[in-house]
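Student: When you get a sec, could you give me coordinates for this:
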Amino acid sequence: MLLSDAFLGLGQDKFSELVRGISIGKLRAFRLYDSFRTRAHLAKVNTETVRKATPRFWARLSEKEEELARELAQAILMSHLDMIREVLDFTGIPNEDGFFAKDLDASPYLTPGWQQRVWERFRGAHPEPALLLYINHLAWELDKKADVFSPPE
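Tutor: This next block holds a predicted model:
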């Protein structure tokens, strides 16, 4: 799975909603500000420049620009660390405050149907676009054979 496909699977409206939720303060706190600014091709990062750049981000993701997809995912998900902690705890994935070892073998935790179980458990407790992004981001990181998850209507 490509991470850009996870964004595209959300649709442009949900993507725009996620981008509007990027916390500039969290970018600074996690030292992601400069890398985000560079990947996003922005002279400065503030709510207005990010909002105005959203259509360009969408176009670049449509062209499968994976570096931007990774940077956007990080910027967006840092604003949802509580959700990340809850999902990781629910799946049993060992983590330290929402972060897990990069060499983790997640196969014992991400058993068949894990995406649907996470969706059913946390839908309504967290914003749906953020939850969908995280489910797909987790699959992209740890479950390399997974396809983009889209819940049944």
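
Student: Contact partners for Glu67?
Tutor: Counting by C-beta atoms under 8 Å, 6 or more residues apart in numbering, Glu67 makes contact with Arg39. From N, CA and C alone the C-beta is placed, and that goes for glycine too.

Student: correct me, but Leu142 touches Lys102?
Tutor: No: the pair Leu142 and Lys102 fails to qualify as a contact (C-beta atoms under 8 Å) at a distance of 9.8 Å.

Student: So those two - more neighbours on which side?
Tutor: Remark: of Leu142 and Lys102, Leu142 carries more neighbours, 19 against 7, as counted by other C-beta atoms under 10 Å.

Student: Quick check, pLDDT for the more buried one.
Tutor: If you check Leu142, the pLDDT there is 93.

Student: Look up phi and psi at the residue lying farthest from the centre of the chain.
Tutor: Distance to the chain centre peaks in the chain at Ala43, reaching 23.4 Å (criterion: C-alpha atoms, centre = their mean). Here is the backbone geometry of Ala43 (degrees, to the nearest 10): phi -70, psi -40.
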